[in-house]
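1. pasting the sequence and the predicted coordinates here, then a few questions.
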Amino acid sequence: MAVTPEDAADYLSRTNFKSIIELLTAEAILHRSEDPVLFCRTLLDQKIQARGGAAYAPEQATEYVRQCYADASANADENGRIQGKTSSTSGAADVDGLTNRLALLESLIEACRTIATKLDPMEATQAIINQTLKVLLADRATIFTKDPHSNNLILMVAEGARNIRVPIGKGIAGSVAESGVICNIKDAYNDPRFDPSFDRETGYKTKSILCGPIKDQNDNIVGVLQVINKKDDSVFSDLDAEMLTILSTQAGIALKNANLYLQMENSRQKFRSLLDIIAALQSELGTNSLIFTMTQRAPKVVGADRCTIFLVDNDNQELWAMQGEVNIRIPKNAGIAGEVATAGEIVNIPDAYSDTRFNQEVDKKSGYITRSILCMPIKAGKEVVGVIQLLNKDEGPFDEEDEEVMGSFLSIAGPILKSSNLFQSGTGKKAKSDEKSEFPGGSDLSVPTERTKDKAPMMPAFGEDGDEEDDDGGF
């Protein structure tokens, strides 16, 4: 097969071969090896091992050259002369290298064993960080996990804390998540991707950074492991990069197992909450107690933050709910809840602020941030007798499984609510004298009523419309 000059030029350009030659030349000059052929072979072997089995990417060669020049700059004297690094291929050096490598591998095996024992996601994350610091003798380490629902990395700070988000492609961690290539930075302040603002705020000095992708069993990037500052003030070596690749692989396995365990525990808790609600529905609770129980426990079934239950008053073409000591009435066709009550169809909004039906002014007034909304009809047969509205799932948007689980519970709740004294008596207009409220204050259902003309009242529990809800379940 004939190779034309154009074919050759295309290959050299496509593979970035010029940068590979530049790398070998620069490294050979820096190290001044007695056997440059053996040195180049060893150098290339190290680069291949550091890739961890990943395919060659042309931009890697450019990164290698950049790191080489940064290393050369770090070895320059006060006059700017590069002193170089005398390299030897003697047997003694090989023995020392193998001894150090063996010791490092032993510590790596112990680290992997420790990481594998953790099932709780936060414990697994902390174990990965601790063992990475121990193996690589580094000062700090962080784990970013990839949010499957957005183009962000999440820095796991602590359980219950508001985690920090970093856009993929931005900064060092973001660029590694985007490229999937290990990044070994000798001097952080000479890298344009480094953001020094954290150092300025804390007084901490970031010098060297080693950052690698965390991949799952399907080779998909699920996170990033970032290590900062070698404790002896040196830079991270190619061997450190190789160890980071192995640690990242173990981290991917550990995080996957931990997340599966967490999902199993969450499913168990949801199942228990669903059983509790069903038991409450079958008991002799008063209507107030029944709705209060549903409002309190329904969010746990799907991992939601807030819940409101509306009952339908067809006589007045209104939806009715209770907020503290006040009956709240809104037009049956108002807002998202009104749409569900009228059409009898589920409305599942993964991003409230991108949906024109959502009233953003409510969040601005209350300070509550509505992210996702699941609004479902409560039916007795084909008749819509109420609406349940859930806000802000713990992680990501509400999904089909959430709809199915809630649908199972609502199919039982609908007929019971329809047969209740409250619904039969005109949905909140009056109630039997023995139907007392279990809410703080102990009032009956004959309480003051607020009506709105155009939209639901200002309550976050109503999703598109609201001030702060009470802590007793949204009423």
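-> Happy to help now that I have it. Residues are numbered from 1 along each chain as shown.

2. hang on, residue 192 in a helix?
-> No. Counting by DSSP: H, G, I helix; E, B strand; the rest coil, residue 192 falls outside a helix, being coil.

3. retrieve the pLDDT associated with it.
-> Note for residue 192: predicted pLDDT of 90.

4. ok, it - how many residues close by?
-> Using other CB atoms under 10 Å, residue 192 has 4 other residues around it. All C-beta atoms are positioned from the backbone trio N, CA, C, and that covers glycine.

5. one more: residue 53?
-> Residues lying near residue 53 (other CB under 10 Å) number 10.

6. name every strand pairing with the helix or strand hosting residue 328 and say which way it goes.
-> Secondary structure assigned from DSSP states H and E places residue 328 in strand 326-331. Looking at strand 326-331 with DSSP bridges, its partner strands are strand 318-323 (antiparallel), strand 449-451 (parallel).

7. ok, which stretches of this protein are helices?
-> 5-15, 17-31, 36-50, 58-74, 91-116, 121-136, 171-179, 197-202, 238-282, 287-302, 335-343, 360-366, 400-419, 421-424 (DSSP state H).

8. looking at these, spot the one closest to residue 142.
-> helix 121-136 (7.1 Å; CB to CB).

9. how far does the closest one sit from its chain's centre?
-> 18 Å (CA atoms, centre = their mean, to the nearest Å).

10. output it as CSV, restricted to C-alpha atoms.
-> Presented in CSV, the C-alpha positions along helix 121-136 are these (Å, rounded to 0.1, in the frame of the first residue of the first chain):
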residue,chain,number,x,y,z
PRO,A,121,-21.2,6.0,50.8
MET,A,122,-19.7,8.6,53.2
GLU,A,123,-17.6,6.0,55.0
ALA,A,124,-16.4,4.6,51.6
THR,A,125,-15.5,8.1,50.5
GLN,A,126,-13.5,8.9,53.6
ALA,A,127,-11.7,5.5,53.4
ILE,A,128,-10.7,6.2,49.8
ILE,A,129,-9.3,9.6,50.8
ASN,A,130,-7.5,8.3,53.9
GLN,A,131,-5.9,5.4,52.0
THR,A,132,-4.9,7.6,49.1
LEU,A,133,-3.1,10.0,51.4
LYS,A,134,-1.3,7.1,53.1
VAL,A,135,-0.2,5.4,49.8
LEU,A,136,0.9,8.6,48.0
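
11. show me what that helix is packed up against.
-> Applying 3 or more CB pairs under 8 Å, 6 or more residues apart in numbering; DSSP states H and E, one finds that helix 121-136 contacts helix 91-116, strand 138-146, strand 221-230, helix 238-282.

12. avg pLDDT for the longest one?
-> Averaging the model's pLDDT scores along helix 238-282 yields 75.

13. and the angle from it to helix 400-419?
-> 20 degrees (axes from the mean of the first three to the mean of the last three CA atoms, to 10 degrees).

14. what's the angle from helix 238-282 to strand 221-230?
-> Using the same axes, to 10 degrees: helix 238-282 against strand 221-230 is 130 degrees.

15. do the same with the shortest one
-> Inter-element angle recorded for strand 138-146 and strand 221-230: 160 degrees (by the same axes, to 10 degrees).

16. packing partners for strand 138-146?
-> Looks like strand 138-146 contacts helix 121-136, strand 152-155, helix 171-179, strand 209-215, strand 221-230 (3+ CB pairs under 8 Å, 6+ apart).

17. those: which one's closest to residue 342?
-> strand 152-155 (36.3 Å).

18. dump that closest one to CSV, keeping only the CA atoms.
-> Provided in CSV are the C-alpha atoms of strand 152-155 (Å, rounded to 0.1, in the frame of the first residue of the first chain):
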residue,chain,number,x,y,z
ASN,A,152,-21.6,18.7,37.2
LEU,A,153,-19.1,17.2,39.6
ILE,A,154,-20.2,17.1,43.2
LEU,A,155,-17.5,17.5,45.9
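
19. let me see the mean pLDDT of that strand.
-> The model assigns strand 152-155 a mean pLDDT of 84.

20. give me the residues contacting it.
-> Residues outside strand 152-155 that contact it (CB atoms under 8 Å, 6 or more residues apart in numbering): 142-147, 163-168, 173-174, 177, 223-224.

21. stretch 136-148 now?
-> For stretch 136-148, using CB under 8 Å, 6+ apart, the contacting residues are 125, 128-129, 132-133, 152-156, 165-166, 168, 173, 177, 210, 214, 221-232, 236, 240, 243-244, 247, 251, 255, 396.

22. for the nearest residue to residue 199 once chain neighbours are set aside, grab phi and psi.
-> Distance criterion CB to CB, 6 or more residues apart in numbering; nearest residue to residue 199, sequence neighbours excluded, is residue 206 at 5.6 Å. Backbone geometry at residue 206, expressed as degrees, to the nearest 10, gives phi -80, psi 130.

23. domains for the chain, by residue range?
-> What automatic domain parsing lists as the domains of the chain is 1-85, 90-269, 283-462.

24. out of those, the one nearest residue 275 is which?
-> Nearest to residue 275, of those and by CB to CB, is domain 283-462 at 9.9 Å.

25. export the domains of the chain as a markdown table, with columns for distance to residue 276.
-> Listed next are those as a markdown table, based on distance: least, CB to CB, whole Å:
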| stretch | distance to residue 276 |
| --- | --- |
| domain 1-85 | 47 |
| domain 90-269 | 11 |
| domain 283-462 | 6 |
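
26. which of the ones you listed has the lowest mean pLDDT?
-> Among the domains of the chain, domain 283-462 carries the lowest mean pLDDT (a mean of 73).

27. ok so, going back, ok, which of the helices of the chain comes nearest residue 383?
-> With CB to CB as the criterion, residue 383 lies closest to helix 400-419 of the helices of the chain, at 7.3 Å.

28. and the angle from the closest one to helix 287-302?
-> Using the same axes, to 10 degrees, helix 400-419 lies at 170 degrees relative to helix 287-302.

29. buried residues in helix 400-419?
-> In terms of neighbour count (16 or more other CB atoms under 10 Å), helix 400-419 has its buried residues at 402, 405-406, 409-410, 413-418.

30. CA-only coordinates of that helix in CSV, if you can.
-> The C-alpha atoms that make up helix 400-419 are tabulated as CSV, following Å, rounded to 0.1, in the frame of the first residue of the first chain:
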residue,chain,number,x,y,z
GLU,A,400,-41.2,6.4,37.0
GLU,A,401,-40.6,4.3,40.0
ASP,A,402,-41.7,7.2,42.3
GLU,A,403,-44.9,7.5,40.2
GLU,A,404,-45.6,3.8,40.5
VAL,A,405,-45.0,3.6,44.2
MET,A,406,-47.1,6.7,44.9
GLY,A,407,-49.8,5.4,42.5
SER,A,408,-50.1,2.2,44.5
PHE,A,409,-50.7,4.1,47.7
LEU,A,410,-53.0,6.7,46.2
SER,A,411,-55.2,3.9,44.7
ILE,A,412,-56.0,2.9,48.3
ALA,A,413,-56.2,6.5,49.6
GLY,A,414,-58.6,7.8,47.0
PRO,A,415,-61.7,5.7,48.0
ILE,A,416,-61.0,6.2,51.7
LEU,A,417,-60.8,10.0,51.3
LYS,A,418,-64.0,10.1,49.2
SER,A,419,-65.9,8.2,51.9
